[in-house]
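[1] Task: produce atomic coordinates for the following.
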Amino acid sequence: MTGVDYPIWVLVLAAVAVVVVAWLLYRRFFAGGTPLERALSEISYERIEALVIPSADEGEIQVDQLLLTSQGLLILEIKDVQGTVFGSDKMSDWAVISEDRRFTFSNPQPALYDRIAAVRQIVRQVPVEGRVLFLDGADFTKGVPSLVCSLENLVAEFGEPNKNAAKFKIEAFKPHWELIRRAAAQKTV
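    Next up is the predicted model:
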């Protein structure tokens with residue numbers, strides 16, 4: 001067998017290509033976390049997970065993600081599904097159809113409205129929003145129901161380009177954020 005002698009510039013070019021690809025893969029999968037983590041850190045200044053608070057009617061309600069944003073408080077329900085999603089505001093069950101399976105789940109909007117009401121009951125003077133966040137891989141071909149968004153839509157709607165202005169807004173919301181924390185602490189005692 002005879003070896004092939006490549007010009008040095010070909011070897012250097014190949015080495016540079018390997019380094020660039022490795023750097024891109026590192027940035028994509030390790031630097032700054034997942035796309036979800038990056039989006040949440042971009043729009044929120046504080047975050048509480050698995051929060052249990054009094055519900056608007058008697059009892060308790062769990063909020064999976066509550067974010068303090070420059071626009072107020074944001075409740076997120078995260079759905080990680082792959083495939084075409086069929087859902088609307090008036091459907092009681094939504095369906096997901098992918099290449100290898102089909103399944104249904106309850107319309108998440110009514111539960112989200114209950115969570116919004118429960119948080120508003122505690123922080124009456126602060127804007128409270130809610131979104132059902134579908135991660136990449138979900139495709140709404142027949143229209144997107146209200147309160148449903150993608151990561152890109154979430155950042156566009158709740159991101160704050162002016163970080164200095166955001167600080168003033170956040171400081172105004174902080175006392176109300178602490179009300180939520182106290183309400184949750186009372187439920188865990």
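[2] This structure: strands as residue ranges?
    With DSSP state E as the criterion, the chain has strands at 46-54, 60-69, 72-79, 83-86, 93-97, 102-106, 128-134, 138-139, 148-149.
[3] a markdown table please, covering those and showing distance to Val119.
    All C-beta spots, glycine's among them, are computed from the backbone N, C-alpha and C. Rendered in a markdown table, the data for the strands of the chain read as follows (distance: least, CB to CB, whole Å):
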| stretch | distance to Val119 |
| --- | --- |
| strand 46-54 | 7 |
| strand 60-69 | 7 |
| strand 72-79 | 6 |
| strand 83-86 | 26 |
| strand 93-97 | 24 |
| strand 102-106 | 21 |
| strand 128-134 | 5 |
| strand 138-139 | 25 |
| strand 148-149 | 18 |
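[4] Of all the ones you listed, which one comes closest to Ile122?
    Taking CB to CB as the criterion, strand 46-54 is the member of the strands of the chain that comes nearest to Ile122, at 6.4 Å.
[5] CA atoms only: put that closest one into PDB for me.
    Included here for strand 46-54 are C-alpha records, laid out as PDB according to Å, rounded to 0.1, in the frame of the first residue of the first chain:
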ATOM      1  CA  GLU A  46     -36.700  35.000  38.400                       C
ATOM      2  CA  ARG A  47     -38.400  31.700  38.100                       C
ATOM      3  CA  ILE A  48     -40.300  29.300  40.300                       C
ATOM      4  CA  GLU A  49     -41.000  25.700  39.300                       C
ATOM      5  CA  ALA A  50     -43.700  23.400  40.700                       C
ATOM      6  CA  LEU A  51     -45.400  26.100  42.700                       C
ATOM      7  CA  VAL A  52     -48.500  25.200  44.700                       C
ATOM      8  CA  ILE A  53     -50.800  28.100  45.600                       C
ATOM      9  CA  PRO A  54     -54.400  28.500  46.700                       C
END
